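Engineer: Fold the following and give me the result.
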Amino acid sequence: MRQRDGDGMTTGITGSSEHVGDSTDGTEAEGETGVPFDPDATGIIPRPPVPKGPTGPATDVADGDDDGDDEAETGTLPAIRLPATLHIGSPPRAPEDTKDAKESEDPQRPEDPQEHKAAKDPKEAEGPQAPKAAKEPKGAKGPAADEAVSAADDDAAGTVPTKVAAAPVASLAVEAPPAPAKTPVEPPAPPPASTATKTPAKPPAKPPAKAPAATEPAPAKARGLGERLRQLGRSAPMWLPALLTVEGLIMYVLALRVAPGPLRGVDPADINGLGLIAALPASAFAAILIMLVSFFVTVAQSTDRKFLLLFQIAVITFALHGAGSLVASEPRFPTAYIHAGFVDFIGRTGETAISIDARMGWPGYFALFAFVTKAAGISDMTTILQWTPLLTNLLYLLPFVLILRQVVATTRARWYAALLFVLVQWIGQDYFSPQGFTFALYLAFVAILLRWFGRVEPRTKPIAPKGLRKLLGRLDAMTPGEIANTGTFRADRLLMLLMLLALFFAATASHQITPFMMLGVVTAFLIFKRTKLTWALPFFLGLAVLAWISYETVGFWAGQIDAIFGGLGRILTNLQRNTGDRIAGSDPAHAMVLQARLGILVVILALAATGLFRRLRRGVVDRAALILLCVPVLALGLQSYGGEIGLRIYMFALPGACLLAAYAFFPNLPADSADVREETVPMRKRNVRFNPELTRKLSVVLAACFAVVFAGAFLIARYGNEKFERVTTGEVAAMHYIYAHDKPSAKVLYLTAKEGPEVTPTLPWGEKDIELVNFNGQALVYQDPTNIAKAVATLKASPRNTYLAVSTGQIAYLQLNEGFPADWGPRFRAALDASPDVKRVYANKDAALYTWKKFVKGTEIPEPLPYTGRGDPTSPWTPVGLAALAVTWVTLFGYEVIRLNGPNRAVKARRRLLWVAIPAFAVAVGVIIERFIYIASNT
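Structural biologist: Residues are numbered from 1 along each chain as shown. Alright, predicted model coming up:
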């Protein structure tokens, strides 16, 4: 029985009409003010409608729904909240158990006119399930009604649902008993017992009556199976994308790894001027399409399924960037082998050899892998070279996703930007190289800047009335496109500052271009007020780069000042060498590859411009994305970088370009920053011409179409050079023959149609013994395969133990880029075999090695060139410069660490540090300039 309080009302029936809003999952929110609440209680008893007139309550209660309706519900009692001492029924049953019960409507749903009609007619509100024997007189109310409710509670425990059907106050006692009638087993039980006491001769006749009940479970089981199937179909958006992704992955691996056959397998002989795409089976394209479809099915949902989306992007990355590794029998890309040779040399000697190769002036990457391979006991780096492209691209995703988390964008925009980053990253610098490694450092550097040192401040200054200042003021007053980082502990910021410096130092010691990109991003963030760091950091970092070049790479630049600084300011020349010169003279099929690369560049930049415009229309300015896009372009004014500066600019501009391009399809702000589930409509509603729901669907469809096009273009652009970037087993075997005969030294001549320092061998060179084998020899050849006079003369002019290498990779390069005929390779080898001056010492179907047939009397194999050098040249002011460097770095770092406490902390101490840092910085820079002038003039 229930306890009563002083006024005779049941404890838990409140007199307040205030209703607490529902939770997001559709369940009732907990608690009203001043009412004890039992967390084990089954829920809320809805307010029963009360007819107007003398039978209803004396007062009207205002509606407390959150649906925005201001009308008051007349003739209703407030909600009944269960107290700690009151339990009605058992925990809520499954929906199928209570689907026959007539439940009240959700407080947040609009009111149904039928409910008002039921409230006016008490008899209809009772419901057909109320037993007539339990009815009270029409005027029954007050304590009698409460006693009836209590009795129903005691008799029907565990059967009353969480919400009781609406009924008048007078019929509260008749609404509790219907619960037992819901279980078909209990109600029929009393009648047989009653019948057995009155007519004992009839029990034998009862079993046949129960026989139909015994056969009822079979149809119920069928209905349960159908319901489960329907529920499985309704839940398909949850499990279908993951299933499609796994199916596409398995299908793709089988398509590339099985033996060649109809619609499956890859035959290397089918690779032509279009590259690997010409040899891929149709099932591989179908698998890629399935992966993309599964990704967009997930993106189209209204929830952010982070782990599934990240898995899908990783699978797409595996399919696109891992295709070469799946197909090739040997690690692809010839330059990877010379980098493995650097690792081998450092591991054997513990030294660098800048006199042998200029790249050894930045040995950080090679020294790292030399340490790892030696510590792990790895002697063969074939597996590392084979899978580095795939692992590198997967590594890029981690910092780039962190960058995307720091922008104000919808879930769809963020994940689509990540997908674009995978689809348009065709540059091919992800092989075993310092550039591929330091690009990952660059992404991590940017991610830390945005995540721990990002700055977003609202504009407080008034906007100028006219002119350029008015335009800049309006841009400054727009919503920032970045998320402000708040609440970070000082220790975390200090740790991240040290991490920034470590990333920068690692990039400075490993690559020539990456530290300048990092320095440019930091400086631009400071100019456009997107970082909390101070100007002390770019001066600190810039001095570190200059010091490394001046003191650690002097053996490289001492005699090549013009090669280093000769391209400064020649923007058009550098651009021409990276675009037009790469298309002219190409094979017609291969020209499509180069045009596809330029097409991807044009389309992604056009989408970026569109996304920027659409964001500006919504009052959002994305400064960080613009900085990441524009800063790398400034490198065009430096130098051509061997004709590859354009490729590096494209690669470093990709993070900003992909983010802005995603805004071309999904430019809206997130509906809520906590979960980011839906999108908003544009801020200027007068510009909305379509239904926002329709435009969202169209945006997803258009984004999917562009993704499919980009995926196809990627396969052409990325693997278009596969005919000569692919390394065969025969070419590797030919190089191993040279390594076995390079004592005390050896020299290799490679084929080229034009001589020059920027032409590199198209064969797997330098994997071992880089201090013994010289790969700098060039043999000039012509389109006429019988014209071998120049190549033979070069071979005769070289010392003993010199080899002329002819390989399929070199022949394919000459055919696709220099217009050599298709049968040039076999005819050239036949001409060499017939020459009386040379002899073939090694041959297989992929490569051949030729040397002198007759040696001049007295010629000997020369000793290898020394790699230790004479010692780095120096200048008179070098010791002073080193001291100034140390003082500058210590003071600037101290200034930045103190500044982490806040802009107004220790102002005097920071000012004193600046008084020391500024003159020391000037002296350090002056000594660096003095070294360039003095050493260059005396070398």
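Engineer: could you measure Ile250 against Ala287, distance?
Structural biologist: 8 Å (C-beta to C-beta, to the nearest Å). C-beta coordinates here come from the backbone N, C-alpha and C atoms, glycine included.
Engineer: Looking at the two, which one has more neighbours?
Structural biologist: Neighbours were counted for Ile250 and for Ala287 using other C-beta atoms under 10 Å; Ala287 has more, 23 against 11.
Engineer: got the contact list for the more buried one?
Structural biologist: By C-beta atoms under 8 Å, 6 or more residues apart in numbering, Ala287 lies in contact with Gly248, Leu249, Met251, Tyr252, Ala255, Ala319.
Engineer: CA atoms of the host helix or strand of it as CSV?
Structural biologist: Taking DSSP states H and E as the definition, Ala287 sits inside helix 282-300. Only the C-alpha atoms of helix 282-300 are listed here, as CSV (Å, rounded to 0.1, in the frame of the first residue of the first chain):
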residue,chain,number,x,y,z
ALA,A,282,37.8,-5.1,-64.5
SER,A,283,37.2,-6.7,-61.1
ALA,A,284,39.8,-4.3,-59.6
PHE,A,285,37.8,-1.3,-60.8
ALA,A,286,34.6,-2.8,-59.5
ALA,A,287,36.2,-3.3,-56.1
ILE,A,288,37.4,0.3,-55.9
LEU,A,289,33.8,1.4,-56.8
ILE,A,290,32.4,-0.7,-54.1
MET,A,291,34.8,0.8,-51.5
LEU,A,292,33.8,4.4,-52.6
VAL,A,293,30.1,3.6,-52.5
SER,A,294,30.4,2.1,-49.0
PHE,A,295,32.3,5.3,-47.9
PHE,A,296,29.5,7.6,-49.1
VAL,A,297,26.8,5.4,-47.7
THR,A,298,28.5,5.9,-44.3
VAL,A,299,29.0,9.7,-44.9
ALA,A,300,25.4,10.2,-45.9
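Engineer: My read is that Arg405 contacts Arg414, right?
Structural biologist: Yes: contact criterion C-beta atoms under 8 Å: Arg405 and Arg414 qualify, at 7.4 Å.
Engineer: Look at the two and report which has more neighbours.
Structural biologist: Arg414 (24 against 15).
Engineer: where's that one relative to Ala717, distance?
Structural biologist: Counting by C-beta to C-beta, the gap from Arg414 to Ala717 is 25 Å.
Engineer: isn't Glu330 right up against Ala733?
Structural biologist: No: between Glu330 and Ala733 there is no contact under C-beta under 8 Å: 9.8 Å.
Engineer: Counting neighbours, what do you get for Lys466?
Structural biologist: 8.
Engineer: where does the stretch 501-650 of the chain dip in pLDDT?
Structural biologist: For the stretch 501-650 of the chain, applying pLDDT under 70 flags the ranges 559-586, 637-643.
Engineer: Return the members of the contacts of Ala287 classed as buried.
Structural biologist: Using 16 or more other C-beta atoms under 10 Å as the burial test, the contacts of Ala287 include Gly248, Leu249, Met251, Tyr252, Ala255, Ala319 as buried.
Engineer: I'd assumed Ile288 was in contact with the fifth one.
Structural biologist: No: taking contacts as C-beta under 8 Å, Ala255 lies outside contact range of Ile288: 9.7 Å.
Engineer: how about the strands of the protein, start to end?
Structural biologist: Here the chain has its strands, by DSSP state E, at 44-45, 80-81, 479-480, 620-621, 746-752, 773-780, 802-807, 838-843, 847-852.
Engineer: Buried deepest among the ones you listed, which one?
Structural biologist: strand 802-807 (a mean of 26; mean count of other C-beta atoms under 10 Å).
Engineer: Can you name every helix or strand that it contacts?
Structural biologist: Applying 3 or more C-beta pairs under 8 Å, 6 or more residues apart in numbering; DSSP states H and E, one finds that strand 802-807 contacts helix 729-740, strand 746-752, helix 789-797, helix 824-834, strand 847-852.
Engineer: Now with 7 Å, please.
Structural biologist: helix 729-740, strand 746-752, helix 789-797, strand 847-852 (3 or more C-beta pairs under 7 Å, 6 or more residues apart in numbering; DSSP states H and E).
Engineer: Okay, now the unreliable bits of the stretch 101-250 of the chain?
Structural biologist: 101-223.
Engineer: ok, 90 please
Structural biologist: 101-240 (pLDDT under 90).
Engineer: can you check the stretch 751-900 of the chain too?
Structural biologist: 754-761, 776, 796-800, 816-819, 822, 837, 852-876, 900.
Engineer: quick one: the helices in the stretch 351-500 of the chain?
Structural biologist: 364-376, 382-404, 411-423, 434-453, 468-476, 490-508 (DSSP state H, counting those that start in this stretch).
Engineer: which one of the ones you listed lies closest to Thr728?
Structural biologist: helix 382-404 (13.7 Å; C-beta to C-beta).
Engineer: Now do the closest one, average pLDDT.
Structural biologist: Averaged across helix 382-404, pLDDT comes to 94.
Engineer: Only the buried residues of it, if you could.
Structural biologist: Neighbour-count burial for helix 382-404 [16+ other C-beta under 10 Å]: 384-386, 388-390, 392-397, 399-404.
Engineer: That helix vs helix 411-423, what angle?
Structural biologist: 150 degrees (axes from the mean of the first three to the mean of the last three C-alpha atoms, to 10 degrees).
Engineer: Which residue, other than its chain neighbours, is closest to Trp548?
Structural biologist: Thr508 (5.1 Å; C-beta to C-beta, 6 or more residues apart in numbering).
Engineer: residues in contact with that neighbour?
Structural biologist: Pro515, Ala544, Val545, Trp548 (C-beta atoms under 7 Å, 6 or more residues apart in numbering).
Engineer: Repeat the analysis, applying 10 Å as the threshold.
Structural biologist: 362, 364, 438, 514-516, 518-519, 541, 544-545, 547-549, 552 (C-beta atoms under 10 Å, 6 or more residues apart in numbering).
Engineer: among the residues you listed, which are in helices?
Structural biologist: Under the assignment DSSP state H, the contacts of Thr508 contribute 364, 438, 514-516, 518-519, 541, 544-545, 547-549, 552 to helices.
Engineer: Closest one of these to Ala464?
Structural biologist: Nearest member of the ones in helices among the contacts of Thr508 to Ala464, counting by C-beta to C-beta, is Leu519, at 32.1 Å.
Engineer: residues contacting Ile378?
Structural biologist: Val343, Gly347, Phe369, Val372, Ile384.
Engineer: Buried among these? Make that a PyMOL selection.
Structural biologist: Selection of buried members from the contacts of Ile378 for PyMOL, criterion 16+ other C-beta under 10 Å:
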select buried, resi 343+347+369+384
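Engineer: mind giving me CSV with the contacts of Ile378 and columns for distance to Leu449?
Structural biologist: Below are these laid out as CSV (distance: C-beta to C-beta, whole Å):
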residue, distance to Leu449
Val343, 31
Gly347, 35
Phe369, 27
Val372, 28
Ile384, 31
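Engineer: between the contacts of Ile378, which is nearest Met496?
Structural biologist: Using C-beta to C-beta, those come closest to Met496 at Val372, 25.4 Å.
Engineer: Hmm, Tyr365 and that closest one touching each other?
Structural biologist: No: under the criterion of C-beta atoms under 10 Å, Val372 is not in contact with Tyr365, lying 11.0 Å apart.
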